[in-house]
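Engineer: give me a model of this one.
(chains A and B)
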Amino acid sequence: MTREEYANMLLPNVLHDRKYYEEKYQKRNLKPGAMVTRIAPSPTGFVHIGTLYQAIVANKLAKQSGGVCFLRIEDTDQKRLVENGIEQILEAVKAYQIPFDEYPIDMEREVGAYGPYIQSKRADIYQAFAKDLIIKDLAYPSFLTEEEKKEMTEKQQKRKQRIGYYGIWASKERALTMEEVKEKVEAGIPYVIRLKSKGSFDNKIVIEDCIKGKIEFPENDMDHVLLKSDGIPTYHFAHAVDDTLMGTTHVTRGDEWVSSLPLHIELFHALGFEPPKYAHLATIQKEEDGKKRKISKRKDPEANVRFYSEKGIPVEAVKIYLMTLANSNFEEWFLANPDSDMDEFELHFENMSTSGALFDMEKLLNISRNYLSRISAEEFYNQILQWAETYSKDFIEDLKTYKDIIIATLNIERNVAKPRKDYGMYSEIESNIKYMYHFENPEYEWQRITDKKEIVEILTTYIENYYDSSDTEEVWFNKMKEMCDKLGYASNMKEYKKNPDNYKGNVADVSTVLRVALTGRSRTPNLYDIMKIIGQEEITRRIALLKN
RNA sequence: GGCCCGUUGGUGAAGUGGUUGAACACACAUGCCUUUCACGCAUGCAUUCAUGGGUUCAAAUCCCGUACGGGUCACCA
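Structural biologist: Next comes the predicted model:
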């Protein structure tokens, strides 16, 4: 039996050889320095915030260098596949407006000349390369059962040896002759294809990571699985094949991959490929009981990108926040160039953190408030509406019915040099502004003045003697002061502070009574503007509510 | 346990041997301004860069040990 026949027996249904694929996927024609990056998520459930983070970084690096960024779906683990997993990824990418150059559109269609971009459709490619490794005696079949493996691990633990399939542990199967293998195959025993590692644990290799710098490792000496028994590749093998064929220049991925670097380097060499450059991004962490840990899908709702959509944190704010995590100098740049597009900022590996940052909701919300304070009221309204259509159906009717009032409300103190920062999430808008168009049985948040009689007196005096809907803000407020003097409250804050005992209170207290009477709340935007929006009739009605 | 990596205020961090008396931002505190809140302004918040030792005229920055934290050791990615 020749080695070719042997390889054919092990992988009988391969359509093409590796040469075919190497010719099919030509080198990309890009200018020097252009980076080809990618994200390669697996569709195992919801989209992780870390995946979004990697997507933003990978995209930025490609775009700013005139390169290409693509999306590849890693669905090689049949067991972990989740229904709609791919759709969820595609949705998130769309929601966050990540501009990929090459990507699957759905299970059938795709954009880009280096596909398929869904790994499960690339089985023949991987097998072609695996077959080549078998022919070159760089890979071999392994019939090891779960039980045998477990037994081996136990022995290794008992002897305090390194755990894994390597050296003497692999020697038995490595030594199998082609005839012995043939017998097992014909007997129907399942097998995987393993790498025949040439490395030695005693040799050191140094790998230069774009973010972490030089990292020294022992060489890989493990005979890792390349092809599982179903003929589907493991992550490692798919990585080497795909990122070569797809022309990836820089592999940006989470730093949980650092420790597989020696394997990956060996794989590239075994395949006769040039390894790409690696950039291992620090993972986003979360603090629990005083300890840091990787933000977790299971425990942390904020690990899921949907969380932000549901809460109504603007896409833009999340992106800005993730950019500040990627390069902390982004924040300074953004502060200095508030009107610039994020794309004008240049991301650099040198400025990326080597250790994981804690996720900071406060900071995200601050960024969000800043962002929402800077857009126009109309734009804001449209964003809220869009959000409500998916996440708050009940709110839509009010949004549409009271569109003018809502926009006017959002517009209070907005078009000024330093706008208010009242809102951080779309989900808090409704409860914050509902009093503007709906005011029945309010809960009044009275502050300093709580006596009902006093409140009624102030309001009655105001509506009967001072209120005039045509007043300018200045006149309006001067009248407030006048009324204060008349009712025994201080109209001048400085005077009041000098002799607080001479007065029943001050103009702030009186204003607050009016504010609470009209809105129910002690904190609102500018009261004059609110009164203009709700109008005379409604003001009279709301004050009358208290007289009874 | 083996192998990697990391450790600068409550948080993100700047810092690459000497203009650092450790930037900037978030948070927090106080005061001012003020019709509330917010905004804004001012001030405060690490006598010190996990820790012990070493190199040096000089160290957060370089070296070694220790502690702590993280990652990884699958036919998962």
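Engineer: closest point of the stretch 401-548 of chain A to RNA strand B, which residue?
Structural biologist: residue A:418 (2.9 Å; Cβ to the nearest atom of the strand). For glycine as for every other residue, the C-beta is placed from the backbone atoms N, C-alpha and C.
Engineer: host element of that residue?
Structural biologist: Assigned by DSSP states H and E, residue A:418 belongs to neither a helix nor a strand.
Engineer: ok, now how distant is it from residue A:374?
Structural biologist: Per Cβ to Cβ, to the nearest Å, residue A:418 is found 11 Å from residue A:374.
Engineer: those two: who's more crowded?
Structural biologist: residue A:374 (15 against 7; other Cβ atoms under 10 Å).
Engineer: so what's the more buried one up against?
Structural biologist: For residue A:374, the contacting residues are A:338, A:419, by Cβ atoms under 8 Å, 6 or more residues apart in numbering.
Engineer: gap between it and RNA strand B?
Structural biologist: Computed with Cβ to the nearest atom of the strand, to the nearest Å, the distance linking residue A:374 and RNA strand B is 12 Å.
Engineer: just for chain A, where's the confidence low?
Structural biologist: Chain A contains residues with pLDDT under 70 at A:288-291.
Engineer: repeat the analysis, applying 80 as the threshold.
Structural biologist: For chain A, the stretches flagged by pLDDT under 80 are A:286-294, A:296-299, A:338-339, A:417, A:498-499, A:547-548.
Engineer: strands along that one, start to end?
Structural biologist: Using DSSP state E, the strands of chain A run over A:36-39, A:68-71, A:103-104, A:110-111, A:139-142, A:192-195, A:204-209, A:213-218, A:225-227, A:250-254, A:277-281, A:285-288, A:291-294.
Engineer: highest average neighbour count across these?
Structural biologist: A comparison of these by mean neighbour count, using mean count of other Cβ atoms under 10 Å, puts strand A:36-39 on top with a mean of 26.
Engineer: what's the longest helix in chain A?
Structural biologist: The single longest helix within chain A, with elements called by DSSP state H, is helix A:527-547.
Engineer: which secondary structure elements does it sit against?
Structural biologist: Here helix A:527-547 touches helix A:403-410, helix A:452-461, helix A:473-487, helix A:507-519, going by 3 or more Cβ pairs under 8 Å, 6 or more residues apart in numbering; DSSP states H and E.
Engineer: restrict that helix to CA atoms and write it as PDB.
Structural biologist: Taking Å, rounded to 0.1, in the frame of the first residue of the first chain, the C-alpha atoms of helix A:527-547 are listed here in PDB:
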ATOM      1  CA  LEU A 527     -39.800  74.500  34.700                       C
ATOM      2  CA  TYR A 528     -40.600  77.400  32.500                       C
ATOM      3  CA  ASP A 529     -40.100  75.300  29.400                       C
ATOM      4  CA  ILE A 530     -42.300  72.500  30.900                       C
ATOM      5  CA  MET A 531     -45.100  75.000  31.500                       C
ATOM      6  CA  LYS A 532     -44.800  76.300  28.000                       C
ATOM      7  CA  ILE A 533     -45.200  72.800  26.600                       C
ATOM      8  CA  ILE A 534     -48.100  71.600  28.700                       C
ATOM      9  CA  GLY A 535     -50.000  74.900  28.300                       C
ATOM     10  CA  GLN A 536     -52.300  77.100  30.400                       C
ATOM     11  CA  GLU A 537     -55.300  74.800  30.400                       C
ATOM     12  CA  GLU A 538     -53.300  71.800  31.700                       C
ATOM     13  CA  ILE A 539     -51.500  74.000  34.200                       C
ATOM     14  CA  THR A 540     -54.800  75.200  35.600                       C
ATOM     15  CA  ARG A 541     -56.100  71.600  35.700                       C
ATOM     16  CA  ARG A 542     -53.100  70.300  37.600                       C
ATOM     17  CA  ILE A 543     -53.200  73.000  40.200                       C
ATOM     18  CA  ALA A 544     -56.900  72.500  40.700                       C
ATOM     19  CA  LEU A 545     -56.200  68.800  41.400                       C
ATOM     20  CA  LEU A 546     -54.500  69.900  44.600                       C
ATOM     21  CA  LYS A 547     -57.200  72.200  45.800                       C
END
